[in-house]
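[1] here are the coordinates; sequence isn't available:
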């Protein structure tokens with residue numbers, strides 16, 4: 001038994017003005033159809049990508065199972081020339097492999113120096129730049145990164161959130177996306193930014209009983225669709241076919257809110273990190289009290305946070 005299922009709304013022919021003035025402020029996921037993305041949706045075949053990407057070395061995730069888990073790290077990192085990676089990722093069975101003949105591949109492109117540089121498909125894969133147009137849903141100075149994502153058929157990525165707004169451009173193939181509101185975070189059994197619940201369609205409700213309370217927002221993406229994912233919305237991605245996508249992230253908060261060392265766009269805002277550190281110190285201080293007092297004052301702290309820090313008006 002899984003939680004309430006809600007479809008993500010789909011709209012066609014949305015203008016930049018309509019999106020920015022009417023839709024964007026709602027802070028909810030939205031599938032946009034009929035957006036001019038350039039020639040990428042027809043050109044980016046396996047052969048074309050192999051030729052355009054060439055022998056550039058890329059770091060990839062390789063897993064023996066379809067459900068990748070970033071918490072337990074049930075995958076290994078390997079390096080392949082881009083052309084060979086694309087060809088392998090498009091296969092169901094592999095003649096050449098690292099773990100098994102039906103292993104799954106996943107590329108999340110990186111900057112030239114991942115510790116210093118953000119991913120930008122226009123810089124890392126310049127021969128592809130002319131094929132794709134990014135929807136103008138943000139100001140150029142807000143741009144953070146554009147991430148090339150390529151997945152084997154059947155691959156499922158872990159449920160996680162990002163701290164920046166982004167759009168997922170589905171260039172080729174089909175994906176199924178399940179999203180959860182930030183307000184349902186308490187039902188997702190989080191470890192950092194990721195959920196421990198891997199099998200979201202058939203969850204272990206003995207181990208994760210609260211997961212059934214989380215409302216699921218679902219959509220299917222086909223080539224040419226664009227999904228708006230607001231910051232802090234959890235998302236789980238299933239590649240139903242071999243496919244290519246590009247995530248474009250932008251800073252919708254003032255730049256000083258973000259961690260300057262973050263090249264992936266997934267570190268919590270600096271104020272949130274400081275608050276978490278202060279809370280950890282407070283909990284260590286409470287530990288000095290006997291259990292009865294610790295329990296009482298911890299509950300008072302929770303009530304104080306509910307009263308002062310966030311809205312209890314859950315939709």
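    Done, it's in. Please read these numbers as outputs of a predicted model, since none were measured by experiment.
[2] make it CA atoms for all contacts and neighbour counts henceforth
    Noted.
[3] I'd say residue 38 and residue 132 touch.
    Yes - contact criterion CA atoms under 8 Å: residue 38 and residue 132 qualify, at 4.8 Å.
[4] who's more crowded, these two?
    residue 132 (20 against 16; other CA atoms under 10 Å).
[5] count of residues packed around residue 140?
    Neighbour count of residue 140, defined by other CA under 10 Å: 9.
[6] distance of it relative to residue 248?
    12 Å (CA to CA, to the nearest Å).
[7] repeat that for residue 299.
    Distance of residue 299 to residue 248, given as CA to CA: 41 Å.
[8] settle it for me: which of these two has more neighbours?
    Neighbour comparison, residue 299 and residue 248: the larger count goes to residue 248, with 23 against 12 (by other CA under 10 Å).
[9] chain neighbours aside, what residue packs nearest to the more buried one?
    residue 146 (4.4 Å; CA to CA, 6 or more residues apart in numbering).
[10] show me what contacts the one you found?
    Residue 146 is in contact with 119-122, 246-249, counting by CA atoms under 8 Å, 6 or more residues apart in numbering.
[11] among the residues you listed, which pair sits farthest apart?
    Greatest spatial distance in these: 122 and 249, 13.7 Å, computed using CA to CA.
[12] neighbour-wise, which of these two wins?
    Each of residue 122 and residue 249 has its neighbours counted (other CA under 10 Å); residue 249 has more, 24 against 16.
[13] quick one: mean pLDDT for stretch 19-30?
    Mean pLDDT, computed over stretch 19-30, is 96.
[14] low-confidence ranges, the protein, go.
    1-3, 311-315 (pLDDT under 70).
[15] how does it divide into domains?
    Per automatic domain parsing, the structural domains of the chain span 5-257, 270-308.
[16] single out the most deeply packed of those.
    domain 5-257 (a mean of 18; mean count of other CA atoms under 10 Å).
[17] roughly how far is it from the heart of the chain?
    Centroid separation for domain 5-257 versus its chain: 6 Å, with CA atoms, centre = their mean, to the nearest Å.
[18] what about it, start to end distance?
    33 Å.
[19] go on, stretch 97-106?
    14 Å.
[20] do the same with stretch 87-103
    Start-to-end, stretch 87-103 (CA to CA) is 13 Å.
[21] identify all contacting residues around stretch 246-257.
    Contacts of stretch 246-257 (CA under 8 Å, 6+ apart): 134, 138, 142-149, 164-171, 265, 269-271.
[22] out of those, which are inside strands?
    Residues of these located in strands (DSSP state E): 143-149, 165-171.
[23] how about the contacts made by the residue lying closest to residue 105 once chain neighbours are set aside?
    Nearest non-adjacent residue to residue 105, counting by CA to CA, 6+ apart: residue 62, 4.9 Å away. Counting by CA under 8 Å, 6+ apart, residue 62 touches 75-78, 98-99, 103-106.
[24] what's the closest of the residues you listed to residue 115?
    residue 77 (16.6 Å).
[25] on that earlier part again, make TSV from the ones in strands among the contacts of stretch 246-257 and add distance to residue 110 to it.
    Output for the ones in strands among the contacts of stretch 246-257, formatted as TSV (distance: CA to CA, whole Å):
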residue	distance to residue 110
143	16
144	13
145	10
146	10
147	7
148	8
149	10
165	19
166	17
167	17
168	16
169	17
170	19
171	19
